[in-house]
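**Q** Here is my input; please provide its structure:
(one chain, ligands or ions: 1)
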Amino acid sequence: MTDLETFRRDTRSWLEANCPPEMREPVRDESDACWGGRNAVFKNGAQKRWMEVMAERGWTVPDWPSDYGGGGLSAAETKILRQEMARINARNPLYSFGISMLGPALLKYGTEQQKKRFLPEIARGEIRWCQGYSEPNAGSDLASLQTKCEEAYDKERGDHWLVKGQKVWTSYADKADWIFCLVRTDFKAPKHKGISFLLFDMASQGVSTKPILLISGTSPFCETFFDDVKVPKDQVVGEVNKGWDVAKYLLGHEREMISGMGLGGSGESLGAAFKDRLADDPLLRADIARFDVDAMAFRAMSERFIDELKAGQAHPAQPSMMKYAGTELNKARHELAMAAAGSGALEWESERSSGGKSAREWLRTKANSIEGGTSEIQLGIIAKHILQLPGA
Ligand SMILES: Cc1cc2nc3c(=O)[nH]c(=O)nc-3n(C[C@H](O)[C@H](O)[C@H](O)COP(=O)(O)OP(=O)(O)OC[C@H]3O[C@@H](n4cnc5c(N)ncnc54)[C@H](O)[C@@H]3O)c2cc1C
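**A** A predicted model of the protein is given here:
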């Protein structure tokens with residue numbers, strides 16, 4: 001047996017022994033997923049146990065170095081772990097912006113002290129993070145952000161940063177323990193060159209949040225206010241005024257994460273899910289067949305992209321292609337599912353519709369091509385950096 005075959009055999013038997021049956025079901029909605037954090041609310045004992053046994057082995061972040069709480073697995077071993085988890089429908093044990101966004105940025109730009117301090121906590125699901133990028137006048141044009149961060153001194157803290165400003169659309173800010181935040185440390189420099197990447201505790205004095213209601217009826221994100229928040233000097237990641245490099249690197253990982261929604265969870269084809277409805281509707285049948293072919297192509301592209309990314313061979317603009325394709329696909333999936341399910345799918349509060357589950361999920365997908373940078377912005381990046389179109 002090769003080393004990888006042995007690894008697969010051992011992984012399979014460990015997963016069989018340790019993944020609770022309740023964690024072999026798809027996640028039903030955002031509240032059914034495990035997000036960890038200081039105030040983590042577990043749906044049941046199985047969810048808590050699953051997160052803890054996976055974190056214990058470093059398998060919440062299998063390819064991070066074991067010195068920082070990861071599993072220290074090679075790219076090939078990580079792929080096998082993912083395949084073996086998929087084989088038994090094992091859930092992701094921990095959903096975390098720390099894992100999918102901040103962690104990779106810390107691994108690349110953090111100091112040794114920052115990596116040792118923050119990465120193991122992220123791997124164990126102890127701290128829940130939110131992302132403070134967008135502001136009321138800085139979304140697509142993110143580098144126009146105005147949240148002010150200046151050096152200050154007082155007797156109690158000595159030298160520190162003082163942060164004043166507002167963020168918007170901060171997902172789960174009201175539930176997060178810490179924030180990774182873009183702030184302006186130089187107002188005179190060209191806009192991309194005066195930005196720093198700062199980490200701070202959401203329990204700090206001067207931080208407040210106000211939830212915003214979405215069209216789907218939930219409030220997953222907030223306006224976030226900073227009123228003279230004092231932050232220790234050593235919580236800047238990367239160099240002061242060079243936070244734009246860290247921000248862009250993190251956005252690549254965010255876009256890769258968001259693109260995963262194109263895979264559509266269980267992997268079942270739409271045609272299979274609605275086969276009873278399709279016999280007498282040739283137009284819908286054709287649309288769904290076209291969609292299923294696109295979904296298969298996306299799955300293949302996604303696998304190739306992840307392999308290239310892990311091997312360090314991905315083009316820096318590739319996450320934009322994945323984000324664009326994956327989110328437009330997910331929107332199309334929900335549009336077609338609504339069309340196939342008929343008018344009953346529009347029910348909003350009835351018991352038989354599980355409180356309007358299909359309609360709410362469909363409406364939520366409308367935000368997919370906005371969050372993490374809009375589809376138009378991704379197309380602009382593809383035009384400029386991949387196609388190198390004149391004038392882009
Ligand atoms: C569900 C959700 C969760 C989010 N979570 C977070 C979060 O946790 N943290 C965070 O910081 N932000 C978050 N955001 C904010 C998100 O990043 C911004 O909404 C996004 O970048 C767009 O910015 P904007 O809303 O200001 O729109 P605008 O930038 O005002 O854009 C408005 C329209 O103009 C178009 N447009 C703008 N500029 C161009 C251009 N140059 N070329 C072509 N078209 C253009 C856009 O595509 C869009 O259609 C979230 C958003 C959503 C919907």
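
**Q** Enumerate every residue touching K384.
**A** 317, 392 (Cβ atoms under 8 Å, 6 or more residues apart in numbering). All C-beta atoms are positioned from the backbone trio N, CA, C, and that covers glycine.

**Q** list the buried ones in the helix or strand bottoming out on mean pLDDT in the chain?
**A** None of the helices or strands of the chain scores lower by mean pLDDT, DSSP states H and E than helix 275-278, at a mean of 81. Neighbour counts over helix 275-278 (16 or more other Cβ atoms under 10 Å) mark L278 as buried.

**Q** Could you list the residues of the stretch 51-200 of the chain in contact with the ligand?
**A** Contacts of the stretch 51-200 of the chain with the ligand, taken as Cβ under 6 Å from any ligand atom, map to 130-134, 139-140, 169-171.

**Q** Tell me who's in contact with whichever residue of the chain sits closest to the ligand.
**A** Shortest the chain-to-the ligand distance, computed as Cβ to the nearest ligand atom: residue-wise this is G139, at 1.8 Å. Neighbouring residues of G139 by Cβ under 8 Å, 6+ apart: W169.

**Q** Mind giving me the packing neighbours of whichever helix or strand L283 is part of?
**A** L283 belongs to helix 282-310 when assigned by DSSP states H and E. Contacts defined by 3 or more Cβ pairs under 8 Å, 6 or more residues apart in numbering; DSSP states H and E place helix 282-310 against helix 75-87, helix 243-259, helix 270-273, helix 275-278, helix 318-341.

**Q** May I have the third one as CSV, with CA atoms only?
**A** This file holds the C-alpha atoms of helix 270-273, laid out as CSV (Å, rounded to 0.1, in the frame of the first residue of the first chain):
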residue,chain,number,x,y,z
LEU,A,270,-31.8,19.5,-10.4
GLY,A,271,-33.2,17.1,-13.0
ALA,A,272,-33.1,14.2,-10.5
ALA,A,273,-34.7,16.4,-7.8
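
**Q** related to what we said a few turns ago, relative to helix 75-87, how tilted is the helix holding L283?
**A** For helix 282-310 against helix 75-87, the angle by axes from the mean of the first three to the mean of the last three Cα atoms, to 10 degrees is 150 degrees.

**Q** Quick one: mean pLDDT for helix 282-310?
**A** Helix 282-310 carries an average pLDDT of 91.

**Q** Would you indicate which residues of that helix are buried?
**A** For helix 282-310, burial by neighbour count (16+ other Cβ under 10 Å) applies to 284-285, 287-288, 291-292, 294-295, 298, 301-302, 305-306, 309.

**Q** Same list, these, but as a markdown table with distance to the ligand please.
**A** Formatted as a markdown table, these follow (distance: Cβ to the nearest ligand atom, whole Å):
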| residue | distance to the ligand |
| --- | --- |
| L284 | 29 |
| R285 | 32 |
| D287 | 25 |
| I288 | 27 |
| F291 | 23 |
| D292 | 27 |
| D294 | 22 |
| A295 | 22 |
| F298 | 21 |
| M301 | 23 |
| S302 | 21 |
| F305 | 21 |
| I306 | 23 |
| L309 | 21 |
